[in-house]
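# Sequence first, then the predicted structure, then my questions.
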Amino acid sequence: MKYLGLLTLLAWLLSPATLFAAEPPATITEAQLREMVRLSIQKFPVAEGVSATDAVDSMKLRADLLNFPLVADLPLSRQIQRLGETSGYMHILGFCDALIAKRMVEFDVIFSGFLPCRIAVVEDTTGKVWITTLNMDMMLHAAELSEELKPLAQQVRDVIYEIIDAGVNGDF
């Protein structure tokens, strides 16, 4: 029931009238907003013995095999090191099927804010490597999609999760 309530809240928050409001209404608590943000992201632990770079390489390879192009490659930890700072590993990848993206944005411009599909590989302060991405199931259930777009959105979700699975397990 809590999940259904948060999905309803997310759907309301994704409506155009709400997106451009200066502040959330008084009926939504800060705790609910924090929980919504927490649930909007999925976090997967990378398997023992799989390095962060192996995870990234595996995901790039899997995306290529699935014909789901890599359109953004942001090695943030390297950029941070060039600035003279230290950082745990941070690498953000963006994948996109341009034709599906076009159809989603034509349906509602709000979907452009979720493009491209982002997957991050990050090392936490203990050295554990994680893969994170948008909770695509939550988006599928909370966003208003036409019957024509639902299968395309599900296809994108399935491909993203397959790419993540390759990274989690270091599958080349």
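Happy to help now that I have it.

# is it fair to say residue 88 lies in a helix?
No - assigned with DSSP: H, G, I helix; E, B strand; the rest coil, residue 88 falls outside any helix and is coil.

# Which residue or residues pair with the closest residue in space to it that isn't next to it in sequence through a beta bridge?
Nearest non-adjacent residue to residue 88, counting by C-beta to C-beta, 6 or more residues apart in numbering: residue 123, 3.6 Å away. Just so you know, the C-beta spots here come from the backbone N, C-alpha and C atoms, and that holds for glycine as well. Beta bridges link residue 123 to residue 129 when assigned by DSSP bridges.

# and what of the one 10 residues further on?
Partner residues in beta bridges with residue 133: residue 42, residue 119, with DSSP bridges as the criterion.

# Correct me if wrong: it contacts residue 116.
No - the pair residue 133 and residue 116 fails to qualify as a contact (C-beta atoms under 8 Å) at a distance of 11.3 Å.

# now the nearest residue to residue 118 once chain neighbours are set aside, what's its secondary structure?
Of all residues not flanking residue 118 in the chain, residue 94 sits nearest, at 5.4 Å (C-beta to C-beta, 6+ apart). Of the three states, residue 94 takes strand according to three-state DSSP.

# residues contacting residue 94?
The neighbours of residue 94, taking C-beta atoms under 8 Å, 6 or more residues apart in numbering as the test, are 70-74, 116-119.

# Next step: those residues restricted to strands.
Counting by DSSP state E, the part of those found in strands is 70-74, 117-119.

# Would you map the strands across this protein?
Under DSSP E, the chain gives strands at 41-45, 70-74, 90-95, 117-123, 129-134.

# Name the single longest helix found in this structure.
helix 150-169 (DSSP state H).

# angle of it against strand 41-45?
Counting by axes from the mean of the first three to the mean of the last three C-alpha atoms, to 10 degrees, helix 150-169 lies at 30 degrees to strand 41-45.

# for this structure, what are the low-confidence residue spans?
1-26 (pLDDT under 70).

# ok, so what distance separates the closest residue to residue 166 other than its chain neighbours from residue 119?
Excluding the flanking residues, the one nearest residue 166 by C-beta to C-beta, 6+ apart is residue 62, at 3.7 Å. Residue 62 sits at a distance of 11 Å from residue 119 (criterion: C-beta to C-beta, to the nearest Å).

# do residue 141 as well
Per C-beta to C-beta, residue 141 is found 20 Å from residue 119.

# All good on my end, thank you.
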